[in-house]
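Fold the stuff below for me.
(2 chains)
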Amino acid sequence: MRMMTKGQKIFRVFNYIFITLVCLTCFLPLINTLAVSFSAPAQVTAGKVFFWPKGFTVKAYEFAMQSGKFVQALMVSIRRCILGVSLNLFMMTTTAYPLSKTKQQFRARNFYMVFYVITMLFGGGLVPYYILVYRMGLLNSIWSLVLPLSVQVYSMVILMNFIRGLPGEIEEAAMTDGAGQFRILFSVILPVLKPALATVGLFSFVFHWNDWFTGSLFMQNPKNYPLQTYLQTLLTSFSDMMRASGSNYYELLSRMNERTGRAAQLFLALIPTLMVYPFLQKYFTTGLVMGSVKG
Amino acid sequence: MVKRLRRDMPFHLLLLPGVVLTFIFSYLPIYGIIMAFQNYNPGLGFWGSPWAGLDNFKLVFSTPQFINAIRNTFYISIGKTALQILSSVVFALLLNELRWTGAKRIFQTIVYIPNFISWVIMAGILINLLASDGMLNTLLKSFGMAPVQFLSNRSVFPWTMIITDVWKTFGFGTVVYLAAITSIDPELYESAVIDGAGRWKQTLHVTLPMIIPIIILMTVLALGNVLNVGFDQIYNLYSPAVYTTGDIIDTFVYRLGLQNGKFAIGTAVGLFKSVISCTLISASLYIAYKVANYRVF
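Modelled structure (predicted):
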């Protein structure tokens, strides 16, 4: 190793300290929320809880599981994610493959591309969008959470670029064997597309899991709320929910409060994101950088 | 001609489902824009509602709340963009100084986590953290400082939005810039060393100039999105007490157009935003193409 000057050594030490501090600020708030969720309400209100629970209790989690609403919303979210991700992947593949062709190979290619790019540039705005979904009779239906979001142009472009990067020989070989375009797509392209589909699929999952606005826009009945929409209502009205739970409110209040109860449910909703994150980050340099910074 | 059509037919068929859905959900709402020029009445529909000319626009532009929302949108947006780029570039440069690549990856992974947490959960975490009896204010008090109402003080609120957004998203920029730095040709550093440049001079004269095109590209793309300031964040954290400094165009449209049912005015504001956005995004994509040869398609 090269000799370092004194200044460089000092810089290195400070650099490590600074970077560590920045990283700590990125996940200490999460740890704080976790600690609050396991703490007794009195300790939380007194401002005594930092990164370790005080007066350990799992009441807030029990409450989340027993109230029924959390589980109900969780089920809606799971259904939505399964439906939404499969639909996204299907639409992205069937759209990206033809668009990956050149104009010589597929004459209308640029026409379709412009058709999609326009949607990235201009839209009708929130109110007409709402009225459309309303008129289609999709309010309160799970389809309103997945159909309008089925074509994700940005991810589709990432996938399209990936297909373009594949060696052309495999396709030509299949073509000379007399395979049609559908055969080529499903038995030649699709198998090699797996890693790219995994990437856009994970992003699509995180998108559907995290989206709360579509749910609050199109679902009028709270029992149809996906998890994030349900959690959003908790931000303002958690104590109402505790009152409505049927159990003795004051007895409940001694063992959990708005803040501990909310923290528990937020943390539960965070678990799937944290679980897929390691897989996401394996791809993020290839996936995201490929899409955002080209050439 | 017929031969070509037969050759292209599978492609058209593959594209059909996506095109139909995109047409319905992205193009049909554009037709709804006529509401902006009507006294829209849901009972009468698009054809029956009386025309109003530019009345909706005149009305909304004379509301002080809307003017506030425009000003706040630009203020918060520009603050976010500037700080985001600055912090991710600086952090990427600092990470790059670490010798051990494993550490680089670990730190990069950690700062990228908040990006994937939804704003609803993040808002819950922030409300917990920034409450008057929350961790941050407890800390401030222990240092003998006065507690700060981060979310309900009118003059602090916009900065709470800027800082928390930068905190949540700077990891993405760091990943992008670090990837750019890693791809710099090592020979450039070697010749800089021969010329007697230390680490600092190398950063200043090799690393920075080499990533400037990407910094410009990211800035230009961010400016195209200047009107999308983060509805999810602000809607979940603001309250009537901070409307004057915290309300943005998107929250204004949602409150007025959907929560208060003023469809026509909401559409008019939406149209105003769409037109400006469209111009800005087109311009930014054009500049990105000219400066950095960046193409979306």
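
Alpha carbons of stretch B:200-210, in CSV - could you do that?
Extracted in CSV, the C-alpha atoms of stretch B:200-210 (Å, rounded to 0.1, in the frame of the first residue of the first chain):
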residue,chain,number,x,y,z
TRP,B,200,-7.9,16.5,-3.9
LYS,B,201,-6.5,17.8,-7.3
GLN,B,202,-7.5,14.5,-8.9
THR,B,203,-11.0,14.9,-7.7
LEU,B,204,-11.2,18.5,-8.8
HIS,B,205,-9.5,18.0,-12.2
VAL,B,206,-10.4,14.5,-13.2
THR,B,207,-13.4,13.1,-11.3
LEU,B,208,-15.6,16.2,-11.4
PRO,B,209,-15.1,17.1,-15.0
MET,B,210,-15.8,13.5,-16.0
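
Just the buried residues of that stretch, please?
Judged by neighbour count using 16 or more other Cβ atoms under 10 Å in any protein chain shown, the buried positions of stretch B:200-210 are B:202-203, B:206-207. To be clear about C-beta, it is placed using only N, CA and C from the backbone, and glycine gets the same treatment.

Stretch A:223-240 now?
A:224-235, A:238.

Ok, stretch B:216-235 next?
With burial defined by 16+ other Cβ under 10 Å, the residues of stretch B:216-235 counted as buried are B:216-224, B:226-235.

How about that stretch and chain A, any contact?
Yes: figure legend: stretch B:216-235 in contact with chain A (Cβ under 8 Å from any Cβ of the partner chain); contacting residues B:217, B:231-232.

what is the mean pLDDT for that stretch?
If you average the pLDDT over stretch B:216-235, you get 90.

how about the CA coordinates for that stretch, as PDB?
Coordinates of each C-alpha in stretch B:216-235 appear next as PDB, following Å, rounded to 0.1, in the frame of the first residue of the first chain:
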ATOM      1  CA  ILE B 216     -26.200  18.200 -16.100                       C
ATOM      2  CA  LEU B 217     -28.300  15.400 -17.400                       C
ATOM      3  CA  MET B 218     -29.800  14.700 -14.000                       C
ATOM      4  CA  THR B 219     -30.400  18.400 -13.400                       C
ATOM      5  CA  VAL B 220     -32.100  18.900 -16.700                       C
ATOM      6  CA  LEU B 221     -34.400  15.900 -16.200                       C
ATOM      7  CA  ALA B 222     -35.200  17.100 -12.700                       C
ATOM      8  CA  LEU B 223     -36.100  20.600 -14.000                       C
ATOM      9  CA  GLY B 224     -38.500  19.000 -16.500                       C
ATOM     10  CA  ASN B 225     -40.300  17.600 -13.500                       C
ATOM     11  CA  VAL B 226     -40.300  20.800 -11.500                       C
ATOM     12  CA  LEU B 227     -44.100  20.800 -11.100                       C
ATOM     13  CA  ASN B 228     -44.200  17.300  -9.600                       C
ATOM     14  CA  VAL B 229     -43.000  18.300  -6.200                       C
ATOM     15  CA  GLY B 230     -44.200  15.300  -4.300                       C
ATOM     16  CA  PHE B 231     -47.900  15.000  -3.700                       C
ATOM     17  CA  ASP B 232     -47.500  11.900  -1.600                       C
ATOM     18  CA  GLN B 233     -45.100  13.500   0.800                       C
ATOM     19  CA  ILE B 234     -46.800  16.800   1.300                       C
ATOM     20  CA  TYR B 235     -50.400  15.500   1.400                       C
END
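
Any idea how far that stretch is from the middle of the chain?
Mean C-alpha position of stretch B:216-235 versus that of the full chain (Cα atoms, centre = their mean, to the nearest Å) differs by 3 Å.

how about residue B:240, what does it touch?
Contacts were defined as Cβ atoms under 8 Å, 6 or more residues apart in numbering or on different chains; by that measure residue B:240 touches no other residue.

Which residues are in contact with the closest residue to residue B:26 other than its chain neighbours?
What sits nearest to residue B:26 in space, not counting adjacent residues and going by Cβ to Cβ, 6 or more residues apart in numbering or on different chains, is residue A:119, at 4.1 Å. Under the criterion of Cβ under 8 Å, 6+ apart, the neighbours of residue A:119 are A:153, B:22, B:26-27.

Go again with 10 Å.
The contact partners of residue A:119, taken as Cβ atoms under 10 Å, 6 or more residues apart in numbering or on different chains, are A:151, A:153, B:22-23, B:25-27, B:30.

Then residue B:246?
Under the contact definition (Cβ under 10 Å, 6+ apart), the residues listed for residue B:246 are B:68-69, B:72, B:76, B:151-152, B:154, B:157-158, B:160-161, B:234, B:237-240.

where does chain B dip in pLDDT?
Within chain B, the stretches with pLDDT under 70 are B:296-297.

Next: the stretch 1-150 of chain A.
Applying pLDDT under 70 to the stretch 1-150 of chain A flags residues A:1-3.

re earlier: now, the buried residues of stretch B:216-235 that are in helices?
Restricting those to those inside helices, with DSSP state H as the criterion, leaves B:216-224, B:231-235.

pretty sure residue B:41 is touching residue B:264, no?
Yes: with the criterion set as Cβ atoms under 10 Å, residue B:41 and residue B:264 qualify as a contacting pair; they are 8.8 Å apart.

and for these two, which residues touch both?
Common contact partners of residue B:41 and residue B:264 (Cβ under 10 Å, 6+ apart): B:35, B:49.

quick one, which of the two is more surrounded?
When neighbours are counted by other Cβ atoms under 10 Å in any protein chain shown, residue B:41 and residue B:264 differ, and residue B:264 comes out ahead with 22 against 13.
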